[in-house]
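J.: Provide a 3D model corresponding to the input given below.
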Amino acid sequence: MTEYEWRERTEDGPRFFWAGRFARQWKIETRLKHEDVWTTLQPPYDPAVLRALRDVLWARYQRRKLPFEVVREIDAQLPPDNRLTTDEQGGGLTRRRPPRHP
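T.: Predicted coordinates:
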């Protein structure tokens, strides 16, 4: 099992997240700092949580500690309006950018 952790600041205090991947299945858990019990999130996961997990995975991919296919798995679960586009020739993902206006 591969595990990833990150935290976010909320109005209730720091919120910790844990994500584990085993056999291409994701399990995501969360808790507030003052709580003792982890809460398991059920799919479909909140897009904000998936986006935060994707940012963690992307950072690991850039350090060559993670295959690109793992990042692509999470990207496929994001809603189409939040999804990043794949750049097959460049071997990475690029953000959709709005057209520039002169």
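J.: from here on, contacts and neighbour counts on C-alpha atoms
T.: Fine.
J.: what about the helices in the protein?
T.: Along the chain, the segments classed as helices by DSSP state H run 47-62, 68-77.
J.: out of those helices, which gets the lowest mean score?
T.: Note on the helices of the chain: helix 68-77 shows the lowest mean pLDDT, a mean of 87.
J.: quick one, that helix and helix 47-62 angle?
T.: Per axes from the mean of the first three to the mean of the last three Cα atoms, to 10 degrees, the angle that helix 68-77 makes with helix 47-62 is 160 degrees.
J.: burial check on residue 31, number of neighbours?
T.: Residue 31 sits with 17 neighbouring residues when counted by other Cα atoms under 10 Å.
J.: against residue 70, how distant is it?
T.: Noted for residue 31: a distance of 24 Å to residue 70, by Cα to Cα, to the nearest Å.
J.: rewinding a little: could the helices of the chain go into JSON lines alongside distance to residue 5 and mean neighbour count?
T.: Below are those laid out as JSON lines (distance: least, Cα to Cα, whole Å; neighbours: other Cα atoms under 10 Å):
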{"stretch": "helix 47-62", "distance to residue 5": "8", "mean neighbour count": "16"}
{"stretch": "helix 68-77", "distance to residue 5": "15", "mean neighbour count": "16"}
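J.: tell me which of those lies nearest to residue 25.
T.: Relative to residue 25, the nearest member of these by Cα to Cα is helix 68-77, separated by 10.0 Å.
J.: would you mind giving the helices of the chain as JSON lines with distance to residue 13 added?
T.: Below are these laid out as JSON lines (distance: least, Cα to Cα, whole Å):
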{"stretch": "helix 47-62", "distance to residue 13": "17"}
{"stretch": "helix 68-77", "distance to residue 13": "26"}
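J.: of all these, which one comes closest to residue 24?
T.: Comparing the helices of the chain by Cα to Cα, helix 68-77 comes nearest, at 8.6 Å.
J.: for the closest one, output the C-alpha coordinates as CSV.
T.: C-alpha atoms of helix 68-77 as CSV (Å, rounded to 0.1, in the frame of the first residue of the first chain):
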residue,chain,number,x,y,z
PHE,A,68,2.5,9.4,-14.1
GLU,A,69,-0.3,6.8,-14.3
VAL,A,70,-1.1,7.4,-10.6
VAL,A,71,-1.6,11.1,-11.3
ARG,A,72,-3.7,10.3,-14.3
GLU,A,73,-6.0,8.1,-12.2
ILE,A,74,-6.9,11.0,-9.9
ASP,A,75,-7.2,13.4,-12.8
ALA,A,76,-9.8,11.0,-14.4
GLN,A,77,-11.9,11.2,-11.2
